[in-house]
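Colleague: Sharing a model prediction with you, sequence too.
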Amino acid sequence: MGEIWTILLGLGDKFAAHIVLAASAIGLGIIVALPLAVWASRSRNVARIALGFASLVQTIPALALLALFFPILLSLRAVFGEGLPTLGFLPALLALALYALLPILRNAVTAQANLDPGVLEAADGVGMTSWQKLRLVEAPLSAPFIMAGIRTASVWTIGAATLSTTIGQPSLGDPIFAGLQTQNWALVVAGCIASAGLALVVDALLGIIENGFAQRRRWQWIAGLAAVAIGLAGALAYQFEGDDEDTIVIASKQFSEQYILAQLIGAQLEQAGYSVEYRDGLGSAVVHSAVASGSVDISVDYTGTIWTNEMKREDNPGREAMYETIVEWEQENTGIRVLGRLGFENAYAFAMREDRANELGVRSLEDLVPVAPQLTVGGDPEFFERPEWIAVRDAYGMRFDDTRNFSPTFMYNALRSGEADVISAYTSDGRIAADRLVVLEDPREALPSYDAMVMLSPRIADDERLVRALEPLIGAISVEEMREANFAVDREGEGKLSPREAARELAETIGL
Amino acid sequence: MSANRADAILRFDEVERRYGDIVAVDGVTCDISPGSYVALVGSSGSGKSTLLKTVNTLVTPSAGRVLFGGEDVAGLPPARLRRRVGYVFQGIGLFPHFSVGENIGIGPRLAGETLSDARISELLTLVELEPGMASRMPDALSGGQRQRVGVARALAGNPELLLMDEPFGALDPITRDALGEKVRELHETLGLTTIMVTHDMSEALLLADRVLVMSHGKLVADETPHALIDGAGGDIAQGLVAVPRQQAEKLARMERG
């Protein structure tokens, strides 16, 4: 409990960012929904189309909606220029505002449709213009229902905003995603408490306003509105205070190694006097463009990932040539500076239990070829579709008796229980060390390399002080050391470390 | 008692209103002279309410014109026209978020004036309500009290013309009778011209000094109450008069024992 409390106290910036994002999205939703509702009340077709569209949006999972704005904004760059952000606040705002639209619109339209026709006839009868009718009669009588819609939208939006972490917008989703990945439940619980607590408080405040409208108690809704405004102002002030040009933002993807390396890099920079901010749990595809656009400053990426996903290459020129080509390509195409390789690879590889490998006399993929027809190979769900598997199959003429798919965790269990003889593993995975697995050599270099590289955004590429602070990391981390650190974070029970602690131990090991 | 064309305050000139294939009002021509209390009677769907609403342009004629004080109402700004024409209807339509006083003062407020408390008290007194009611909210009133406020609201702007669409239809008989008498009295003292739509012939006969009967969108009779009682106006009008007549005869027989 004490641990959760400590984490909660450290969530100030995420909390402020979450409030600003959610409030902006709800605000935008209101600005769009209310005029639309008025129009809809004047035209049945508009009502049908607007409500239909809003309902359709609602059927798209929030996570997908957030992700969809990346390609949409990317294509809009043709119109608005390269400056249009594709990640972070803007796409999160747009997706969440769309999401907030339905409850507000539906309540506003329903409220207008349910107004007493006698009252509307009287409004015309006493000579109100259509604007006076809206302002004096329709708006005040619909207000409590519209407010109820805004309440619903707010609770949804505050919850869904946690997902904006995945597209590079800081929110209370940061601790939740980081905690899920590193199995640090205190982080998850703290993130949930913070976002649920925020939703409850906002719901209560908006409830006071709604009640004030319904009971026509002016002081009540003004007080509620004032409380909301004060909270929002506080969050804005906090956010702008913390918004410092000199802050270096470090990204991490959604797995333990990334969290550890981000902390390691962060610690180095803090020692050099930089203030550091972490953007944890970004989607893998998002990180590269985030660094290129400067919305984050530093990431750790892998040669094979850039080679296939960014450069769209399918050939394998070998480890060194691949790295050299990437460094040049980044410099020419994105302005990203590849500072160097950390020294280890997180590549696909084939692994076996030590006893089984000894028994069959297998040390490399070449040794595996003659015995493979009697063996079962296990892979993660996408492995047997990936170019890595196809490359190995074709380079060695590898034929297994059986291929089976396992989720990554169960893959290791299957190896332990003998359900699989060989599995596709990741070379830096901590479980290789823990289970004392043998990683088979690849003499024909069929598997592309996945050297971990430090990537610097164009904004900080020429910052020599920063480069000096990070240089000690280059070539410093062996795959065994990385495995050990990863295992310390991934393991259960005694000896489990947080990414920050693991980073500290790793720093000691490599002599920083 | 057909009105003279020259001094008509209101003239319907070949007024027609269609809703798709349905003809609600089918070429009505008629003059209303100032100071008259006219009842517009007919069964449901005869077009009487539709015709009434062409006067304050809540309904726009498909063809023909309505002249108010010699001017075509279609050419008058609707908001200004409706301030000169009081409107009372069965739905009452008090604004639930306004107090009684604010409801009464809404017409002048729209015109940029504020109704004085004294004037609101006076209007409440006119419709036999306590001046203290001004600060109450409509949901604290009975049905009869609400329609009294509705009448006060219609009178607040000193209208020349009072339009009433089934004004007492939702009230209990005693309240209905009392309010009917009261409005007739106000009609006299304030020098109003009044048109009242009703489906109740006895109400029309007892309150109005001219009865127009409508059927299927057409005007089928235009008589004084006396002439109707004496058998004028044709079959449809007499069919409507027969109902209260038979009721009265039955009651008279019962009284004689």
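Modeller: Perfect, thanks for sending it. Numbering: from 1, shown residues only, chains lettered A, B, ... in the order given.
Colleague: Could you list the paired strands of the helix or strand hosting A:Y278 along with their orientation?
Modeller: Applying DSSP states H and E as the criterion places A:Y278 in strand A:276-282. Strand pairing for strand A:276-282, using DSSP bridges, gives strand A:248-253 (parallel).
Colleague: Let me see the confidence value for the nearest residue to A:L98 once chain neighbours are set aside.
Modeller: Leaving aside its sequence neighbours, A:L98 sits nearest to A:V57 (Cβ to Cβ, 6 or more residues apart in numbering or on different chains; 5.0 Å). The C-beta positions use only the backbone N, C-alpha and C, and glycine is treated the same way. A:V57 is assigned 87 on the pLDDT scale.
Colleague: To what extent is A:V57 buried, counted in neighbours?
Modeller: Other residues lying near A:V57 total 15 when counted by other Cβ atoms under 10 Å in any protein chain shown.
Colleague: Which stretches in the chain count as strands?
Modeller: No chain was given, so I picked chain A. Assigned by DSSP state E, chain A shows strands spanning A:248-253, A:276-282, A:298-302, A:337-345, A:348-353, A:376-379, A:402-405, A:422-426, A:437-439, A:451-456.
Colleague: The intended chain is chain B.
Modeller: Under DSSP E, chain B gives strands at B:10-19, B:22-32, B:37-41, B:63-68, B:71-72, B:85-89, B:161-165, B:193-198, B:210-215, B:218-223.
Colleague: Which strands or helices does the helix or strand bottoming out on mean pLDDT in chain B pack on?
Modeller: Of all helical and strand segments in chain B, the minimum by mean pLDDT, DSSP states H and E falls on helix B:78-84, at a mean of 86. On a contact count with 3 or more Cβ pairs under 8 Å, 6 or more residues apart in numbering or on different chains; DSSP states H and E, helix B:78-84 meets helix B:106-110.
Colleague: For the helix it packs on, which outside residues touch it?
Modeller: A:126-128, A:132, A:136, B:79, B:83, B:95, B:98, B:102, B:114-115, B:153, B:156-157 (Cβ atoms under 8 Å, 6 or more residues apart in numbering or on different chains).
Colleague: For the stretch 51-200 of chain B, what lies in contact range of chain A?
Modeller: Proximity of the stretch 51-200 of chain B to chain A, by Cβ under 8 Å from any Cβ of the partner chain, involves residues B:56, B:58, B:78-83, B:87, B:89, B:91-97, B:106-107, B:110-111, B:153.
Colleague: now the residue lying closest to A:A178 once chain neighbours are set aside: how far from A:E492?
Modeller: In space, not counting the residues next to it along the chain, A:A178 is nearest to A:D280; the distance is 4.5 Å by Cβ to Cβ, 6+ apart. For A:D280, the distance to A:E492 (Cβ to Cβ, to the nearest Å) stands at 21 Å.
Colleague: And A:A229, by the same measure?
Modeller: From A:A229 to A:E492 the distance is 46 Å (Cβ to Cβ).
Colleague: The two - which one has more neighbours?
Modeller: A:A229 (11 against 7).
Colleague: Closest approach to chain B from the stretch 401-512 of chain A, which residue is it?
Modeller: A:R459 (55.3 Å; Cβ to the nearest Cβ).
Colleague: pretty sure that residue contacts A:S295?
Modeller: No. The pair A:R459 and A:S295 fails to qualify as a contact (Cβ atoms under 8 Å) at a distance of 9.7 Å.
Colleague: between those two, which one's more packed in?
Modeller: A:S295 (22 against 17).
Colleague: got a pLDDT number for A:D394?
Modeller: Looking at A:D394, the pLDDT reads 90.
Colleague: Now do the same contact list for the closest residue to it other than its chain neighbours.
Modeller: In space, and not counting its chain neighbours, A:D394 is closest to A:A446: 7.8 Å by Cβ to Cβ, 6+ apart. Neighbour list for A:A446: A:316, A:365, A:391-392, A:394-396 [criterion: Cβ under 8 Å, 6+ apart].
Colleague: Please list only the buried members of these.
Modeller: Among the contacts of A:A446, the ones that count as buried by 16 or more other Cβ atoms under 10 Å in any protein chain shown are A:316, A:365, A:391-392, A:395-396.
Colleague: from those residues, which single one is nearest chain B?
Modeller: A:A391 (72.4 Å).
Colleague: residue contacts, residue 168?
Modeller: This is for chain A. A:G168 is in contact with A:87-88, A:251, A:279, A:282, A:286, A:290, A:295-296, counting by Cβ under 8 Å, 6+ apart.
Colleague: was after chain B, sorry
Modeller: B:147, B:175-176, B:179-180, B:198, B:203.
Colleague: Sweet, I'm off.
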